[in-house]
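how would this look folded up:
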Amino acid sequence: MSLTSSQLRFRARQLYKELLYMSREYNQGLLPDYPIHERLRRCFGAFVGADDDKVREGIKKAEFIQKELEALYFLRKYRAMKRRFGE
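Next up is the predicted model:
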């Protein structure tokens, strides 16, 4: 499905907000001193004014990072449950 420029911008903004929300918990538990908010802003700011193909590539990378963060959360939940309830 081919997205228009405004749809790409909306999707990028949506991904930025989702990653920003996910990073709140990431910062608290795993690495409290890691400047994830600044890095996230810089990564998304690199695609401001870029052509549609470059924005699509950036969206694919952001979706991959989102999936990786979700995997880390599930792994952390699994390890916590395993610790609580034993093997």
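
and for stretch 56-75, what are the contacting residues?
3, 8, 11-12, 15-16, 18-19, 22-23, 25-26, 30, 43-44, 46-47, 50 (C-beta atoms under 8 Å, 6 or more residues apart in numbering). The way it works is simple: take the backbone N, C-alpha and C, and place the C-beta from them, glycine included.

out of those, which are buried?
Taking 16 or more other C-beta atoms under 10 Å as the criterion, what is buried in those is 8, 11-12, 15-16, 19, 22-23, 26, 44, 47.

Give me the subset of the contacts of stretch 56-75 that lies in helices.
Members of the contacts of stretch 56-75 lying in helices (criterion: DSSP state H): 8, 11-12, 15-16, 18-19, 22-23, 25-26, 43-44.

any idea which of the residues you listed is closest to residue 80?
Closest approach to residue 80 among these (C-beta to C-beta): residue 25, at 13.1 Å.

Who are the contact partners of that closest one?
Counted by C-beta under 8 Å, 6+ apart, residue 25 has contacts residue 73.

what about it, distance to residue 76?
Distance, residue 25 to residue 76, by C-beta to C-beta, to the nearest Å: 9 Å.
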